[in-house]
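Q: Using only what follows, build the 3D model:
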Amino acid sequence: MTDFEAIDALLAAARQEVPLPPAEERRALRQGLNLSRTQLATVLDVSPSTVGGWESGRDPSGQVREKYAYFLDKARAKLAAAEAKAETQDASAGEAVPAGEAVPADAVPASGEEHGDGRDSGGGSGSGDRADVRPDADQDDVEALSAPRACVLCGQPARHQVAGFPQHLDPAECGTAGPARPEKPAPRREPRPPATAGRRAPAGGGVKVVPVGRRLQTADTPDRIGSAVTAALAQHAGDVEAATAALVKRAIPDAMALLDDTRKGGRYDVVAHPWLPDILRKQTSRGADQVWEARPRWSRRELPPGEHEVTALDINGAYLSALKTHLPIGQLEHSTGDHHDRRRAGVHLVTPGEWEHDAYLPNPIGNRDEPGPLWVTEPTLRLMLRLSGPKYGLCDPPEIHESWTSGATEALLEKFRVVLKDARDRAIADGDEVTLEYVKAMYSKFVSTLGESNYNRELYRTDWMHLIRSQAFANLWWKAHRAYDEGLMVVRAMGTDELHVVGDWRAVFSEGRGVTEVKLKDVYTVGEAGAGAGT
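A: Here you go, the predicted model:
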């Protein structure tokens, strides 16, 4: 085949991506047909969280994009036909139906299946048993029990469990529930008091599970960040450096106040001071605990002969993006056996499979010299399991010996993350460096003080700290893999935010300051023309 024939073949095979409707319409179409994310995810062969991402603004690509577009198109046609039929029936009955208000019978969500904010039950059909499930709850972790079990709150028989904990879905059925609250008008929910040492979980238990009956939706989170920046600039007479220093100094308590705001109306209260197993406690006063975070410090051993221009890329908001990870809700519980439950999260003692690709990709467990089992976090384990699966087949699956886990959710800090991300995006767009530095301090110090820290005594979750950090490392690993998969030569991967590559990186990554973009950090040359080169 000549070069021109190859170009013609490429053009013939090239196709433009199928257009998709806005994110709000995607969610509305699914909800209109009373379908859960889990149902849609099953037929598209993706995870429910992936569908949730598409309904939040992310776009699929490739063949799955075509299948998703086909579903949306058929869903729109089905709903339009049902609405037209309902309008015709109403008109024939002599009732005037204003345009846009007719709702087809098969488009009304079953009780508990879908609510106004688009969270799903994760199951198939709706059920009257779920009529009082909280509107903002992600129902993927609600399960019906085959036989009643004692509610963890009142001790009476319950027919459902939430994240593995038996409890009543309707607070009216729970022995701990007070008089039923009127739904209209909705009373104002009092702010939850700040966590104190008095709320520390006892060593013998301490998992606090909040009833999942109907609770009140709060108003939009107040703009704490904007108000704090305005006040600081006013207090320091417009002195940018002084205002920034003052805001960074108060970043930890401000982050905790923001977290409390974003948790209002959530299904679970955060277990702020749980009992922790010894593996999560420092071995010495200045030492570390036993959990391995898989921090990459990898450099390619050899480069092909010749001179190479290497680009160092900076990954934006690494810890901010890592706040979206599976976090344990309650106190960790011990288990043994080579089994991974994706509905739980924590730390795991594993023997990792052999990694034979260190010549061009970093080891997913980072730089570790000692062989044998080690304690890894949920993100690291999920990374290894995914890489050992049929899609990638890069290594053998890790052997799990024992685990400390709890029922988990990926959305525990999602509202917190989104508020910080939106404030960061606005600051970048407005050239507001004060807000940018303040937001950066809030999320980075929030993560760094979750463990044994004297600077943050409101939330003591060493397990969360390890999981969020490891998620940031896993995110960097996937960026390295993407670069390699797209034909770049990966030269170095360091920490959470540093990736060095050779090749046209702009064809792979978007350049900018957004959390989904990368910044150019440095460009340097290695090797010599006509000679071998190392890093």
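Q: in the stretch 301-450 of the chain, which spans are helices?
A: 318-322, 378-388, 414-430, 433-448 (DSSP state H, counting those that start in this stretch).
Q: same question for the longest one, mean pLDDT?
A: The pLDDT scores in helix 414-430 average 94.
Q: which strands and helices sit next to that helix?
A: Secondary-structure packing of helix 414-430 (3 or more C-beta pairs under 8 Å, 6 or more residues apart in numbering; DSSP states H and E): helix 224-235, helix 251-263, helix 318-322, helix 433-448. C-beta here means a position set from N, CA and C on the backbone, and glycine is covered the same way.
Q: Repeat the analysis, applying 7 Å as the threshold.
A: Helix 414-430 makes packing contacts with helix 251-263, helix 318-322, helix 433-448 when contacts are defined by 3 or more C-beta pairs under 7 Å, 6 or more residues apart in numbering; DSSP states H and E.
Q: By mean pLDDT, show me the worst of those helices.
A: Taking the mean pLDDT of the helices and strands packed on helix 414-430, helix 251-263 comes last: a mean of 91.
Q: could the helices and strands packed on helix 414-430 go into a markdown table alongside distance to residue 353 and mean neighbour count?
A: A markdown table is the format used below for these (distance: least, C-beta to C-beta, whole Å; neighbours: other C-beta atoms under 10 Å):
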| stretch | distance to residue 353 | mean neighbour count |
| --- | --- | --- |
| helix 251-263 | 37 | 20 |
| helix 318-322 | 24 | 22 |
| helix 433-448 | 29 | 21 |
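Q: what's the closest of these to residue 331?
A: helix 251-263 (17.9 Å; C-beta to C-beta).
Q: export the closest one as CSV, just CAs?
A: The C-alpha coordinates for helix 251-263 follow below in CSV (Å, rounded to 0.1, in the frame of the first residue of the first chain):
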residue,chain,number,x,y,z
ALA,A,251,-7.0,26.9,56.0
ILE,A,252,-7.5,23.8,58.2
PRO,A,253,-10.4,25.1,60.4
ASP,A,254,-11.9,26.7,57.3
ALA,A,255,-11.7,23.4,55.4
MET,A,256,-13.4,21.6,58.3
ALA,A,257,-16.2,24.1,58.4
LEU,A,258,-16.7,23.7,54.7
LEU,A,259,-16.7,19.9,55.0
ASP,A,260,-19.4,20.2,57.7
ASP,A,261,-21.5,22.4,55.3
THR,A,262,-21.2,20.0,52.5
ARG,A,263,-22.1,17.0,54.7
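Q: Show me what the helix or strand that that helix is followed by is packed against.
A: Once the chain leaves helix 251-263, the next helix or strand it forms, by DSSP states H and E, is strand 291-292. Helices and strands touching strand 291-292, by 3+ C-beta pairs under 7 Å, 6+ apart, are strand 374-377.
Q: re earlier: any chance of the helices of the stretch 301-450 of the chain in CSV, plus distance to residue 474?
A: Shown next, in CSV, are the helices of the stretch 301-450 of the chain (distance: least, C-beta to C-beta, whole Å):
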stretch, distance to residue 474
helix 318-322, 8
helix 378-388, 5
helix 414-430, 16
helix 433-448, 15
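Q: Tell me which of these sits nearest to residue 234.
A: Comparing these by C-beta to C-beta, helix 433-448 comes nearest, at 12.0 Å.
Q: returning to what we had before: compile the helices and strands packed on helix 414-430 into a markdown table and extend it with columns for distance to residue 72.
A: A markdown table is the format used below for the helices and strands packed on helix 414-430 (distance: least, C-beta to C-beta, whole Å):
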| stretch | distance to residue 72 |
| --- | --- |
| helix 251-263 | 30 |
| helix 318-322 | 27 |
| helix 433-448 | 34 |
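Q: Identify whichever of these lies nearest to residue 373.
A: Comparing the helices and strands packed on helix 414-430 by C-beta to C-beta, helix 318-322 comes nearest, at 25.0 Å.
Q: just to revisit the earlier point, tell me which of the helices of the stretch 301-450 of the chain lies nearest to residue 39.
A: Using C-beta to C-beta, the nearest of the helices of the stretch 301-450 of the chain to residue 39 is helix 414-430, at 21.7 Å.
Q: Relative to residue 276, which of the helices and strands packed on helix 414-430 is closest?
A: helix 433-448 (17.2 Å).
Q: Next, the buried residues of the next helix or strand after that closest one.
A: Following helix 433-448 in sequence order, the next helix or strand is helix 462-485 (DSSP H and E). Neighbour-count burial for helix 462-485 flags 462-477, 479-481, 483-484 (criterion: 16 or more other C-beta atoms under 10 Å).
Q: Please save the CA atoms from helix 462-485 in PDB.
A: Extracted in PDB, the C-alpha atoms of helix 462-485 (Å, rounded to 0.1, in the frame of the first residue of the first chain):
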ATOM      1  CA  THR A 462      -5.500   8.000  59.300                       C
ATOM      2  CA  ASP A 463      -7.100   5.500  57.000                       C
ATOM      3  CA  TRP A 464      -8.600   8.300  54.900                       C
ATOM      4  CA  MET A 465      -5.300  10.100  54.700                       C
ATOM      5  CA  HIS A 466      -3.500   7.000  53.300                       C
ATOM      6  CA  LEU A 467      -6.300   6.200  50.800                       C
ATOM      7  CA  ILE A 468      -6.500   9.800  49.400                       C
ATOM      8  CA  ARG A 469      -2.700   9.900  49.000                       C
ATOM      9  CA  SER A 470      -2.700   6.500  47.300                       C
ATOM     10  CA  GLN A 471      -5.500   7.600  45.000                       C
ATOM     11  CA  ALA A 472      -3.300  10.500  43.900                       C
ATOM     12  CA  PHE A 473      -0.500   8.100  43.200                       C
ATOM     13  CA  ALA A 474      -2.800   5.800  41.300                       C
ATOM     14  CA  ASN A 475      -4.100   8.700  39.200                       C
ATOM     15  CA  LEU A 476      -0.500   9.600  38.200                       C
ATOM     16  CA  TRP A 477       0.100   6.000  37.200                       C
ATOM     17  CA  TRP A 478      -2.900   6.000  34.900                       C
ATOM     18  CA  LYS A 479      -1.600   9.200  33.300                       C
ATOM     19  CA  ALA A 480       1.700   7.500  32.700                       C
ATOM     20  CA  HIS A 481      -0.100   4.500  31.200                       C
ATOM     21  CA  ARG A 482      -2.200   6.800  29.000                       C
ATOM     22  CA  ALA A 483       1.000   8.500  27.700                       C
ATOM     23  CA  TYR A 484       2.500   5.200  27.000                       C
ATOM     24  CA  ASP A 485      -0.600   3.900  25.300                       C
END
